[in-house]
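[1] Structure for the following, please:
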Amino acid sequence: MFIAALLFTVVSCGDSGKNKKISIAYANWAEGIAITNLAKAIFEDQGYDVKLLNADLAPIFTSISRKKADVFMDVWMPVTMEDYMKQYGDKLEIIGDIYDSARIGLVVPDYVTINSIEELNAEKERFSGQIVGIDAGAGIMKATDQAIKDYGLDYKLLTSSGPAMTASLKKAIDRNDWIVVTGWTPHWMFDRFKLKVLQDPKQIYGNAESIHTVAWKGFSEKDPFAARLLRNIRLTDAEISSLMTALEEARTTERQAARKWMEEHKELVDSWIPEKNPAMNLSLIHISEPTRPY
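    Numbering: from 1, shown residues only. As a prediction, this is how the structure comes out:
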């Protein structure tokens, strides 16, 4: 076993990723867009032809499980995407853990005087009896449907999109109106606006979650260099916040903004490249059967 693992490492270290292809799926969520565009820039520098595929969650998981796309870098576990992982998990492998302080919940501007979901009904008129949501298939929407039921909220959950939700939030804040939205961190809106997450005594939205990268089962054996690179990508609060803000505030394309951020954080990005960080390669000898955190 040791000899086989050693041979795997030696052979893989020589695989520089030249003339290879990788397809990365992503949903229209701020953190996923930022992370995916950063990964695209990194892989392009490693000689890859990178294709980005934008879709809703259900088609993304279906595509990955059927090998129509290779990677999805925005899988929230153990709560938000639990249903998808239960449905497709046996056809997927978890490659890495990008960020481990993610959180979902109901978010309001800080000038709103309530602090708990339990107080929403008493202020129904001020919120117009509406919770502004995002994509219908998102885990946070399912959690909010459950919150409405468990807390007995007399509210309607509006389906929209991530960008539409933040646009509604900005419009309300500009008018100093009360608004409650389905929100999550990391997200650039917490840098731009003064917000707070409503307390959730029933723990419908769970505690801190981790954002993982998944691929179709067997991907790490097909392309060990790409798998090791993906597993090495890990961001702190400050790093993911600055990346998301860079893309949101950029006057260029998302791709150009991600590349600029990559160049400004060259030492960090270089530490993720397997060839440039041999010590990390040794700890990633076998990744085809990771432990699932659910």
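[2] CA only for contacts and neighbour counts going forward, please
    OK.
[3] quick one: low-confidence ranges for the chain?
    For the chain, the stretches flagged by pLDDT under 70 are 1-19, 276-294.
[4] and if we set it to 80?
    The chain contains residues with pLDDT under 80 at 1-19, 275-294.
[5] Just the CA coordinates for the host helix or strand of Ala143, please, in PDB.
    Assigned by DSSP states H and E, Ala143 belongs to helix 139-150. The C-alpha atoms that make up helix 139-150 are tabulated as PDB, following Å, rounded to 0.1, in the frame of the first residue of the first chain:
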ATOM      1  CA  GLY A 139     -31.500  25.000   0.400                       C
ATOM      2  CA  ILE A 140     -32.100  28.300   2.200                       C
ATOM      3  CA  MET A 141     -35.500  28.500   0.600                       C
ATOM      4  CA  LYS A 142     -36.400  25.000   1.900                       C
ATOM      5  CA  ALA A 143     -35.100  26.000   5.300                       C
ATOM      6  CA  THR A 144     -37.200  29.200   5.200                       C
ATOM      7  CA  ASP A 145     -40.400  27.300   4.300                       C
ATOM      8  CA  GLN A 146     -39.700  25.100   7.400                       C
ATOM      9  CA  ALA A 147     -39.100  28.300   9.500                       C
ATOM     10  CA  ILE A 148     -42.400  29.700   8.300                       C
ATOM     11  CA  LYS A 149     -44.100  26.500   9.400                       C
ATOM     12  CA  ASP A 150     -42.300  25.900  12.700                       C
END
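[6] Report the distance from that helix to the chain centre.
    19 Å (CA atoms, centre = their mean, to the nearest Å).
[7] buried ones in the next helix or strand after it?
    Using DSSP H and E, the helix or strand that follows helix 139-150 in sequence is strand 156-158. By neighbour count with 16 or more other CA atoms under 10 Å, strand 156-158 contains the buried residues 157-158.
[8] Please enumerate residues in contact with whatever helix or strand comes next after strand 156-158?
    Later in the chain than strand 156-158, the nearest helix or strand by DSSP H and E is helix 162-175. Helix 162-175 is contacted by residues 28-30, 109, 132-135, 178-179, 181, 189 when judged by CA atoms under 8 Å, 6 or more residues apart in numbering.
[9] now stretch 145-158
    117-118, 120-121, 124, 129-134, 144, 204.
[10] ok, the contacts of helix 162-175 vs Trp261, which is closest?
    Ala30 (15.4 Å; CA to CA).
[11] Neighbours of the residue nearest to the closest one when sequence neighbours are not counted, how many?
    Counting by CA to CA, 6 or more residues apart in numbering, Ala30 lies nearest to His187, which is 6.3 Å off, once chain neighbours are set aside. Residue neighbour count, defined by other CA atoms under 10 Å, stands at 18 for His187.
[12] before we move on, back to that, filter the contacts of helix 162-175 down to the buried ones, PyMOL style.
    Buried subset of those, written as a PyMOL selection, criterion 16+ other CA under 10 Å:
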select buried, resi 28+29+30+109+132+133+134+135+178+179+181+189
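[13] so which of the contacts of helix 162-175 comes closest to Ile240?
    Taking CA to CA as the measure, Ile240 lies nearest Ala30 of those, at 10.6 Å.
[14] Now the closest one. Its backbone dihedrals?
    Phi and psi for Ala30, reported as degrees, to the nearest 10, are phi -60, psi -50.
[15] picking that back up, now intersect the contacts of stretch 145-158 with the helices, please.
    With DSSP state H as the criterion, helices contain Thr144 from among the contacts of stretch 145-158.
[16] Just the buried ones among the contacts of stretch 145-158, please.
    The neighbour-count test (16+ other CA under 10 Å) marks 117-118, 120-121, 129-134, 144, 204 as buried among these.
[17] Kindly reformat the residues you listed as JSON lines containing distance to Glu44.
    Output for those, formatted as JSON lines (distance: CA to CA, whole Å):
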{"residue": "Ile117", "distance to Glu44": "45"}
{"residue": "Glu118", "distance to Glu44": "48"}
{"residue": "Leu120", "distance to Glu44": "48"}
{"residue": "Asn121", "distance to Glu44": "51"}
{"residue": "Gly129", "distance to Glu44": "47"}
{"residue": "Gln130", "distance to Glu44": "43"}
{"residue": "Ile131", "distance to Glu44": "40"}
{"residue": "Val132", "distance to Glu44": "37"}
{"residue": "Gly133", "distance to Glu44": "35"}
{"residue": "Ile134", "distance to Glu44": "31"}
{"residue": "Thr144", "distance to Glu44": "38"}
{"residue": "Ile204", "distance to Glu44": "40"}
